[in-house]
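Trainee: Curious how this folds, go ahead:
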Amino acid sequence: MQISVKTINKVKVVEIEGKLNTRSAPDAEKQLARLIESGEKRILINIEKLGYVSSSGLRVLLATAKKLNSSGGELRICGVKDFVEEIFQISGFSTIFTIYENETEALKGF
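Mentor: Residues are numbered from 1 along each chain as shown. Reported below is the predicted structural model:
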């Protein structure tokens, strides 16, 4: 798994590539927690290049959303594709998160 972070219009855009599973989830959770602890309130997670997500990965996304919501922030997700989209639908996560097709759409009105 690779994580890159960039800033677009005061929004932290986190791109996750590869697999978000039991092995990689703790690292992803630490990196996302650091952003929140540093005061970030608007985070967009782009998973366009994510090929696999396990229940551990889903838990990281949910925990991040809860932390942001409790601090008055917002988490958006974009680029959900193929297998990951199926996992989001089966798990009900597609109704929990605000999901956008791409970064451009997700950044509008953030």
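
Trainee: in this protein, which helix has the most residues?
Mentor: Longest helix of the chain, by residue count under DSSP state H: helix 55-70.

Trainee: for the residue most central in space within the chain, what are its contacts?
Mentor: Geometric centre of the chain, nearest residue: residue 45, 3.4 Å, by Cα atoms, centre = their mean. By Cβ atoms under 8 Å, 6 or more residues apart in numbering, the residues touching residue 45 are 14-16, 32, 61, 64, 75-78. Any C-beta I mention is one placed from the backbone N, CA and C, and that applies to glycine too.

Trainee: What angle do helix 55-70 and the longest strand anywhere in the chain make with each other?
Mentor: Assignment by DSSP state E gives strand 11-20 as the longest strand of the chain. For strand 11-20 against helix 55-70, the angle by axes from the mean of the first three to the mean of the last three Cα atoms, to 10 degrees is 160 degrees.

Trainee: helices and strands around strand 11-20, which ones?
Mentor: strand 2-8, helix 25-37, strand 42-46, strand 50-53, helix 55-70, helix 103-107 (3 or more Cβ pairs under 8 Å, 6 or more residues apart in numbering; DSSP states H and E).

Trainee: what's the most buried one of those?
Mentor: Sort the helices and strands packed on strand 11-20 by mean neighbour count, taking mean count of other Cβ atoms under 10 Å, and strand 42-46 sits at the top with a mean of 22.

Trainee: Okay, now the sheet partners of that one, with direction.
Mentor: Strand 42-46 has the following strand partners under DSSP bridges: strand 11-20 (parallel), strand 74-78 (parallel).

Trainee: hang on, the earlier thing: please state the offset of the longest helix of the chain from the chain centre?
Mentor: Taking Cα atoms, centre = their mean, to the nearest Å, one finds helix 55-70 lying 8 Å from the centre of the chain it belongs to.

Trainee: residues touching residue 48, list them.
Mentor: Here residue 48 is in contact with 15, 78-79, 81, 102 (Cβ under 8 Å, 6+ apart).

Trainee: Just the buried ones from those?
Mentor: Neighbour-count burial (16 or more other Cβ atoms under 10 Å) applied to the contacts of residue 48 gives 15, 78-79.

Trainee: related to what we said a few turns ago, possible to save the strands paired with strand 42-46 as CSV with mean pLDDT and distance to residue 108?
Mentor: Shown next, in CSV, are the strands paired with strand 42-46 (pLDDT from 0 to 100; distance: least, Cβ to Cβ, whole Å):
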stretch, mean pLDDT, distance to residue 108
strand 11-20, 97, 11
strand 74-78, 96, 10
